[in-house]
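Participant: With the input below, show me the fold.
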Amino acid sequence: MTAVESRTPEQVRAAAGVGMTLALHASADPDHPALLTPHGDRTFGELNANVNRLVRYLRGQGLQAGDALALVCSNRPEFAEVYYACLRAGLRITPVNWHLTGEEMGYIVDDCEAKAVVADVLFAAAVREAVAAAPHVLQQYAARDAADESFRGLRLERANQQINEADHRRRS
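Facilitator: Numbering: from 1, shown residues only. Modelled structure (predicted):
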């Protein structure tokens, strides 16, 4: 019996209520594969550590429970990392289909009242257009790895130019 299986249903429900079910799996078997994809694999321990790092980063940037975050990402492990980070931090997540145009993305980002947008750099042009149409966005992040321009490890960089433009629009 694993550590997760030995938990009572009440413990599992309590963990689920605060976005910690992933942590239960990580504590039970950190080296067990959680995600196996062509874009990279994650063990439960790695996935949980990346989620914790991302939660700390987003909270450090001023996002609070109840705030909305829009995610523009293809099918890759980082989608799960951002998803679980939002659950753990109490953020409302709105996945935005990366096949949409910038204008279409902008409607969704604005409608969900996202205060932050996390996007794969591959979709930067469309996301830039989307953020321009969404007055609620206070922060925009591009996720990249210096080696391959992917999300690996969720090294977020604040997109200062877009933030400054959004701040200017709000003040006008």
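Participant: neighbouring contacts of the lengthiest helix in the chain?
Facilitator: Secondary structure of the chain per DSSP state H: the longest helix is helix 44-60. With contacts defined as Cβ atoms under 8 Å, 6 or more residues apart in numbering, helix 44-60 is touched by 22-23, 25-26, 28-35, 42, 69, 77, 80-82, 84-85, 88-89, 91, 116, 153-154, 156. The way it works is simple: take the backbone N, C-alpha and C, and place the C-beta from them, glycine included.
Participant: same thing but at 6 Å, please
Facilitator: Helix 44-60 is contacted by residues 22-23, 25-26, 30, 32, 34, 81, 84-85, 88-89, 154 when judged by Cβ atoms under 6 Å, 6 or more residues apart in numbering.
Participant: pretty sure F79 belongs to a helix, no?
Facilitator: Yes. Counting by DSSP: H, G, I helix; E, B strand; the rest coil, F79 is found in a helix.
Participant: Please name the residues that touch it.
Facilitator: Taking Cβ under 6 Å, 6+ apart, one finds C73 in contact with F79.
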